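**Student:** sequence and predicted model, in that order:
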Amino acid sequence: MVEKSRAESATGSVIGKTVTFEGDLQFSGTLFVAGRVIGNIASDSMEYAHLVIGSGGVVEGNIDVPELVVEGEVTGTITAKRLEILPDAVIGGDIQYLEIEMAPGALLNGNLIYSADRWEMSLLKLVEEGDSKGVQAEDGAIPDVLQRTRD
């Protein structure tokens, strides 16, 4: 049995290998890019979206999503709460992140910018708007880092 890579095992919307999409793209849920996107990619939600740039996938534009896995190529600025860069990835551009994991063999040409404030403010906004799903603990408590931000 052929084993799929972690990037290939994503389900949701797909931009296939033979597709070139030109223009800005906004999505929710999971988006898998195996083809080419020429334009910016952003999620509808800053908490509930997962973007995967698979092997052979190419994005020429900026990316702004909570979760990103890159196995293909990205040329542009990346803003992600959690970023996983797999061994064959090639990234040209600056990266703002909260959590990052980079495998040996990945190529990165840009600046890494740790950006906790941006994500704390996004979470705080969700709590204030009453959409605290996934932000609060089971007992309803708000994490300390958000309490400090609210005060």
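**Tutor:** On my side now, so go ahead. Numbering: from 1, shown residues only.
**Student:** could you dump stretch 82-96 to PDB, C-alpha only?
**Tutor:** Extracted in PDB, the C-alpha atoms of stretch 82-96 (Å, rounded to 0.1, in the frame of the first residue of the first chain):
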ATOM      1  CA  ARG A  82       0.600  27.500  13.200                       C
ATOM      2  CA  LEU A  83       2.900  26.700  10.300                       C
ATOM      3  CA  GLU A  84       4.400  23.400   9.300                       C
ATOM      4  CA  ILE A  85       7.000  23.400   6.600                       C
ATOM      5  CA  LEU A  86       7.700  19.900   5.200                       C
ATOM      6  CA  PRO A  87      11.000  18.700   3.700                       C
ATOM      7  CA  ASP A  88      10.400  19.500   0.000                       C
ATOM      8  CA  ALA A  89       8.900  23.000   0.700                       C
ATOM      9  CA  VAL A  90      10.300  26.100  -0.900                       C
ATOM     10  CA  ILE A  91       9.300  29.500   0.600                       C
ATOM     11  CA  GLY A  92      10.300  32.900  -0.600                       C
ATOM     12  CA  GLY A  93       9.000  35.600   1.600                       C
ATOM     13  CA  ASP A  94       8.600  36.800   5.200                       C
ATOM     14  CA  ILE A  95       6.700  34.700   7.700                       C
ATOM     15  CA  GLN A  96       4.700  35.900  10.700                       C
END
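**Student:** point out where the chain drops to low pLDDT.
**Tutor:** For the chain, the stretches with pLDDT under 70 are 1-11, 46, 118-151.
**Student:** for Thr75, list each beta-bridge partner.
**Tutor:** Glu60, Gly92 (DSSP bridges).
**Student:** quick one: contacts for it?
**Tutor:** Thr75 sits next to 58-61, 91-93 when contact means C-beta atoms under 8 Å, 6 or more residues apart in numbering. No exception for glycine: its C-beta is placed from N, CA and C like everyone else's.
**Student:** mind checking how far it is from Gly110?
**Tutor:** The span separating Thr75 from Gly110 equals 10 Å under the rule C-beta to C-beta, to the nearest Å.
**Student:** Gly39 now?
**Tutor:** Where Gly110 is concerned, Gly39 sits at a distance of 19 Å (C-beta to C-beta).
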